[in-house]
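Student: give me the fold of what follows.
(chains A, B, C and D)
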Protein chains: 2
Amino acid sequence: MIGAGIKRGTAELAVLSLLQEGPLHGYELARRIERQTNGALRFTLAALYPMLYRMEQQRWIRGSWETSANGRKRRCYRLTPVGKKKLAPLQREWEELFGALQRLTKAAHA
Amino acid sequence: MIGAGIKRGTAELAVLSLLQEGPLHGYELARRIERQTNGALRFTLAALYPMLYRMEQQRWIRGSWETSANGRKRRCYRLTPVGKKKLAPLQREWEELFGALQRLTKAAHA
DNA sequence: TCTAATATATAAGAATCCTATATGTAAGGG
DNA sequence: CCCTTACATATAGGATTCTTATATATTAGA
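Tutor: Numbering: from 1, shown residues only, chains lettered A, B, ... in the order given. Sure thing, here's the model as predicted:
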């Protein structure tokens, strides 16, 4: 599993990316992150819930209480147009970070 | 410039990588990070100095006061064998993170 | 009935970055 | 000679985002 120190900020990218595919609730988001990364990236729900509130306040996502077929209440989140616009620059920023780190670590071999 | 939120933990990787090439002092480390990444990655010295102390306490690096040809005193850091051993797993962890994020963001297009 | 899985929520703490501030030397221009 | 810029280290206080621990409540299955 990837350590807490280096994965900061990845939860935001992960949530926005996953919500692009369709609406999801918090508990399911945590599972999808873990599964789609083969367990490499994992977040506790105590980290996800406060983040979902922040993102909702920023209007990147919109939450609504829904009742599933099982009768369970859960808060379902959808990506807003604002959130959609934030995703591309965020992805670019991460790619830029990867490139920067490669220039730093690969140069050491030369 | 890459935001503070997503670059957490990169300073450690950057310092270890740069010290692989040879001993450097704090001020110079900050400049090298900025130059080798074309300004994409940048750290204030207030972030670097406390980190250098931590890394020295962990015996990853070793600092010694030296006087340059100009007569300026500065603390010169060298990578220890312990630090050398830490670099490879750290690099692997970052590569794992990149892979995990790609699986998350690329899957959304499918 | 007990346990596991589902589902959300909050409090307290750790870690790493930031801005702002402080100190001091050396070099160069006016 | 003074002022500014570059060099060089140091610390205080604050922001953010992750952690563990705890709480609550429903549903399904043994």
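Student: got the CA positions of stretch A:63-80 in CSV?
Tutor: What follows is stretch A:63-80, C-alpha atoms only, in CSV (Å, rounded to 0.1, in the frame of the first residue of the first chain):
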residue,chain,number,x,y,z
GLY,A,63,-25.0,15.4,-3.2
SER,A,64,-28.5,14.1,-2.7
TRP,A,65,-30.0,11.7,-0.3
GLU,A,66,-31.3,8.6,-2.0
THR,A,67,-32.8,5.3,-0.9
SER,A,68,-31.3,2.2,-2.6
ALA,A,69,-33.4,-0.9,-3.5
ASN,A,70,-32.2,-2.4,-0.2
GLY,A,71,-33.9,0.4,1.7
ARG,A,72,-30.6,2.0,2.8
LYS,A,73,-30.3,5.7,2.8
ARG,A,74,-27.1,7.1,1.3
ARG,A,75,-25.8,10.3,0.0
CYS,A,76,-25.2,10.1,-3.7
TYR,A,77,-22.8,12.5,-5.4
ARG,A,78,-22.8,13.7,-8.9
LEU,A,79,-20.1,15.7,-10.8
THR,A,80,-21.2,19.3,-11.6
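Student: which parts of that stretch are buried?
Tutor: A:G63, A:R74, A:C76, A:Y77, A:L79, A:T80 (16 or more other CB atoms under 10 Å in any protein chain shown). Glycine gets a C-beta too; all of them are placed from N, C-alpha and C.
Student: what's the answer for stretch A:96-105, then?
Tutor: Quick answer for stretch A:96-105 (16+ other CB under 10 Å): A:E96, A:L97, A:A100, A:L101, A:R103, A:L104, A:T105.
Student: which parts of chain A sit against DNA strand D?
Tutor: Residues of chain A found near DNA strand D (CB under 7 Å from any atom of the strand) are A:4, A:7-12, A:42-44, A:46-47, A:50-51, A:54, A:70-72.
Student: filter those to the buried ones?
Tutor: Buried, going by 16+ other CB under 10 Å: A:K7, A:G9, A:T10, A:A11, A:E12, A:R42, A:F43, A:M51, out of these.
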